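**Student:** give the three-dimensional model of this entry:
(chains A and B)
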Amino acid sequence: MTQYTGRPLNRVDGVDKVTGKANYAAEFDVQGLLYGYIVNSTITKGKIRQIHTDDARRVEGIVSIFTHENRPKLAWFDLSYKDQDAPPGSPFRPLRDAQIQFNGQPIALVVAETFELARYAATLIRVDYEQETHQTDLQANRHKARKPAVGMATLFKPPPPDPRGNFEEAFRNAPVQVASEYVHGSEHHNPMELFASTVVYEKGRYKSGERYTIYDKTQGVTNSILYVSQVFNIPFKDIRVISPYVGGGFGSALRPQHQLFLAVLAARELKRSVRVTLTRQQMFTLGYRPATVQTVALGASSDGTMTAMYHDGVAVTSQFEDYTEVVTTWGGLLYPAEHVKFDQKIISLDVATPMDMRAPGGVTGVTALECAVDELAYKLGMDPLELRLRNYTERNMNNDLTYSSKELRECFRRGAERFGWAKRNPEPRSMRKEHTLVGWGMATGIWDAFHAPARAEAVLMVNGKLRVSSATADIGTGTYTIMTQIAADTLGIPMEDVLFKLGDTDLPVAPIAGGSWTAATVGSAVKAACEAVGEKLFKLARKLPNSPFAKVRFSDVLFAEKAIRLKKDPAIAIPLQTLIDANGGAAVRAISTSVPNLLKQRKYARNTHSAVFVEVEVDEDFGTVRVTRAVTSVAAGRILNPKTARSQIIGGMVWGISKALEEESVMDHQFGRIMNHSLAEYHVPVNADIHELDVIFVEEHDDIVNPLGVKGVGEIGIVGMPAAIANAVFHATGIRVRTLPITLDKLLTAATTEVSTS
Amino acid sequence: MNSFTYARASGITQAVVERSAKTDAAFIAGGTNLLDLMKENVARPTHLIDINHLPLTTITSIESGGLRLGALVTNADTAYHQQVTQRYPLLSQAILAGASAQLRNMATDGGNLMQRTRCYYFYDTATPCNKREPGSGCSAITGFNRIHAILGTYAQDQQVYCIATHPSDMCVALAALEAVVRVTGPDGDRTIPLAEFHRLPGDTPHLDNVLQDGELITAIDLPADGFPDHYAYLKLRDRSSYAFALVSVAAALDIQDGQIKDARIALGGVAHRPWRRPDLEATLTEKAPNKTVFQYVADAMLEGAQGFGHNTFKIELAKRAIVRALLQATNRPSAV
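**Tutor:** Numbering: from 1, shown residues only, chains lettered A, B, ... in the order given. Reported below is the predicted structural model:
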């Protein structure tokens, strides 16, 4: 039997998804369900003087209205509100008091017999505010930049390392220098599925009298149950969080959102089942990728050897939490400059707390860095690819560790070959078709290969089918499919006989699904659980009369085609069904915990890499940019499923196009309010924007990262894309736009300015 | 969305009578804009009159030699109608440049004329907006105005009350083609040239058009000449589809023996209504089509244009778009 892993297989949940059988958080219906609608603040900073709910209460069908005035007593300490992805600080608590900390802050929940009634009544609520002057503009507040606080989140997002060598001196002495500032605005995740929680309230069936079954949009049911239990002081045993399908997360569901808090609050007070769904407009009141201003300075000798590197970043956060991401240190992982200095600061403004968003920090920092490297290549008169090869490193210079595997060089080679990079004329504006300027650009991408502890259960059932489970999430990535593949291979059972379950707090615990670590983390746990079942089966096999396995070791057997077999001679086999019978006709079950081998891992740097090559066409008169083709070659360890992995990379590339050319949450600082809060005005690519996208996987054999040798592909697809596009735009036009997104007005204005000043 | 009553109109007269009887009533056809506005609490009709079953769903030839588009013909059916694609390809192209396939399948031709601005502030009841709430102020003038108007924004008192644009693509082509809007109202039938149908904001920006209370659009008449040989609809926007025009140009030329006999230029995305300057179009007649004369007209059309910061780029963009559209129209091979 051919192995399932490594093959481009269809999603096991694909049919359920396209036929509408897959249910999302707002689609679980129960009798007597009530609907909550959130009322958001329309000011940015200040206090609610009075909130008039009388008119709304008079509407027939309105059950209750919750505000800070009638909110029940809840957990007192900040710690209770800290979720698994909480940055240092004091988490936002809906309806806590009269204070307004950001525009769009939830200030009331209207609960009604229907969603429409709740929404209508919400429009009848009037609020008297005491407004204070707010600060929401990053550029206007740069003098307030400061070091972020350190906390639990710092473990995964360490601050920059100390400077090495003497950057100032090395930069001063470098014959070739570049130094520029790069800016991008805020971006909101905007998954297709709106945030929703359906809280099913039951009483009388349990000792405590109450039971909460919560269907939540989340990237981690464990995170949700911990939050609900702590905040509302409800014992674990009385809560179950279920989230079988998530219509896109991208990081936005890594933290419990307002609707979960409010739906549970209402259900608990009203002793009724309650659903709260956000509208698209309200999705812009949640976390986001923070606007960031970066400075990158590079110094090189005239042969292109990078000697000095400086990367500094200032990002927005809220007044109450120090959200920080790793933005400025990637240069130390990619280039072996001896004299480096990294700095990273934040500015507290009157805004919601930012959140992790696909390749958080990585795509932000690498975009600036890789644009700067391109600028350096032009200063040097050197091909941008050659410059990167000249400065190739086998070690992460920040921690001085060798990479567990790094096939970036091969990514460059194969990507360049597929793209035809060798034919590039380096001269800007050298390729033209009538009004259209054609440009070719490239960039490197990098992301972490994380691995975290997780648990999984495997049960070989009496009917010979295998049920495997772990409380992880499938946010559209293909988790269901690759876990099924891993389980099927480990125990030699056809995929159609394997059922993988996830997204349920009744299942063995797994961490939140983010950072590209789910394949490695949950995959290792699934493999371990299946192997544990395998060992039990082996023991059963040995005990059989005249067993051919009596004298062999576990390492001498394999599982294939529903049987345990001798590796030396697979024809010598015992069917699994026989072993179930030998088990007294009972299922064979095992729960395993997979823990990263830190002793082994800590000796190495562990990362995924990519090389991105992009062609753009820019209309010379209008500044409109089209990405006509792009090649991304990815080194991410072993690829479990080239089809779902390719989809992940393509999704990242599309988002890279979005980030480079279209996407930005625009705030009107007069109001401190995001104004383009709809999918009509918050632009992401449409099909017509997407042309040829090509993905190459350069496989790496890596037994250090984790037992599966996988590194994860969730983030790496986006990381290098925006810089490659910006660099291609420069090659096409001769114009460097250092503020993303590169919309036509920026190119038009830059072109006009250059013409008038030259 | 507030509570509302709903009734299906049984006939045109009955619909008009019913609408005239209730000041807070609204006609609903495709609903592609009205429903959004209701959900956002921007439109608050207490009574909806569904006109979808009125007999206004055909495209027919008329005596003038032109074409009559029933008000309830969908944008999609119009764009793909054989008479339209052959005789009025500019209109077809403009319609297909707008919205998305799904929206065009629902949206009607009459409704397209009635769609409201996409100004962010108009849609957000948390911010002041003179169009939504007369007298509350215009947030866009000092705010984020990248998509806003650069022409026709000043009222007679030299103040600016609103810098919203009309978002339609279809209407830009209709303006260039000099279509005529047919309406039925409590006082009978009348016709309104499309160029006069939408208003400039002046000091009453809450009024988008000149329709009187209770009037219903029944048809749009296209004149006989559809400029099928030399036309272009050029739409510049932030992505390739499903984005409103930053600037759009409907250009139509009648070229005979190397000379322009008639020229039409309408701009979208720059003003409260499709923007035309027939006086400047006239300067092109009897001229050979070339970049120089086009550039002259383009510069002249944008004379007096004023940006408000984020949208100032539109002035230069519009000039370039006009030139390009006229060149495209000139060079377009005759329709087969």
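
**Student:** SS state for B:Y296?
**Tutor:** Three-state call for B:Y296 (DSSP: H, G, I helix; E, B strand; the rest coil): helix.

**Student:** for the residue nearest to it when sequence neighbours are not counted, grab phi and psi.
**Tutor:** Excluding the flanking residues, the one nearest B:Y296 by CB to CB, 6 or more residues apart in numbering or on different chains is B:T283, at 7.4 Å. In short, each C-beta sits where N, CA and C put it, glycine included. Recorded main-chain torsions at B:T283 are phi -70, psi -10, according to degrees, to the nearest 10.

**Student:** ditto for A:V178
**Tutor:** The phi/psi pair for A:V178 (degrees, to the nearest 10) reads phi -140, psi 150.

**Student:** how many residues are close by the nearest residue to it once chain neighbours are set aside?
**Tutor:** The shortest distance from A:V178 to any non-neighbouring residue, by CB to CB, 6+ apart, is to A:E375 (4.4 Å). Other residues within reach of A:E375 by the criterion other CB atoms under 10 Å in any protein chain shown amount to 21.

**Student:** okay, which residue is most central for chain B?
**Tutor:** B:C171 (2.9 Å; CA atoms, centre = their mean).

**Student:** export the helix or strand hosting that one to PDB, keeping only CA atoms.
**Tutor:** Element membership of B:C171 [criterion: DSSP states H and E] is helix B:170-177. The C-alpha atoms that make up helix B:170-177 are tabulated as PDB, following Å, rounded to 0.1, in the frame of the first residue of the first chain:
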ATOM      1  CA  MET B 170     -24.100  52.500 -16.000                       C
ATOM      2  CA  CYS B 171     -25.200  56.100 -15.500                       C
ATOM      3  CA  VAL B 172     -21.800  57.400 -16.800                       C
ATOM      4  CA  ALA B 173     -22.500  55.700 -20.100                       C
ATOM      5  CA  LEU B 174     -26.100  56.800 -20.100                       C
ATOM      6  CA  ALA B 175     -25.000  60.400 -19.600                       C
ATOM      7  CA  ALA B 176     -22.600  60.100 -22.500                       C
ATOM      8  CA  LEU B 177     -25.300  58.500 -24.700                       C
END
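
**Student:** break the chain into its domains for me.
**Tutor:** Since you didn't name a chain, this refers to chain A. For chain A, automatic domain parsing gives the domain ranges A:25-133+A:199-279, A:141-188+A:288-450+A:603-757, A:452-595.

**Student:** please refer instead to chain B.
**Tutor:** Split into domains by automatic domain parsing, chain B comes to B:5-52, B:231-331.

**Student:** B:G152 is in contact with B:W275, correct?
**Tutor:** Yes: contact criterion CB atoms under 8 Å: B:W275 and B:G152 qualify, at 6.8 Å.

**Student:** which one's more surrounded, those two?
**Tutor:** B:W275 (27 against 20).

**Student:** secondary structure element for the closest residue to that one other than its chain neighbours, which one?
**Tutor:** Spatial nearest neighbour of B:W275, chain neighbours left out: B:L267 (4.1 Å); criterion: CB to CB, 6+ apart. Secondary structure from DSSP H and E places B:L267 in strand B:259-268.

**Student:** what angle do helix B:170-177 and that strand make with each other?
**Tutor:** Strand B:259-268 and helix B:170-177 meet at an angle of 150 degrees, taking axes from the mean of the first three to the mean of the last three CA atoms, to 10 degrees as the criterion.

**Student:** with just CA atoms, put strand B:259-268 into PDB.
**Tutor:** The C-alpha trace of strand B:259-268 is given here as PDB (Å, rounded to 0.1, in the frame of the first residue of the first chain):
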ATOM      1  CA  GLN B 259     -12.600  64.000 -38.500                       C
ATOM      2  CA  ILE B 260     -14.600  64.000 -35.300                       C
ATOM      3  CA  LYS B 261     -18.300  64.800 -36.000                       C
ATOM      4  CA  ASP B 262     -19.600  64.300 -32.500                       C
ATOM      5  CA  ALA B 263     -17.900  63.700 -29.200                       C
ATOM      6  CA  ARG B 264     -19.200  62.700 -25.800                       C
ATOM      7  CA  ILE B 265     -17.200  62.500 -22.600                       C
ATOM      8  CA  ALA B 266     -18.800  61.600 -19.300                       C
ATOM      9  CA  LEU B 267     -16.800  61.200 -16.100                       C
ATOM     10  CA  GLY B 268     -17.700  58.900 -13.100                       C
END
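
**Student:** buried residues in it, which are they?
**Tutor:** Going by neighbour count (16 or more other CB atoms under 10 Å in any protein chain shown), the buried part of strand B:259-268 is B:I260, B:D262, B:A263, B:R264, B:I265, B:A266, B:L267, B:G268.
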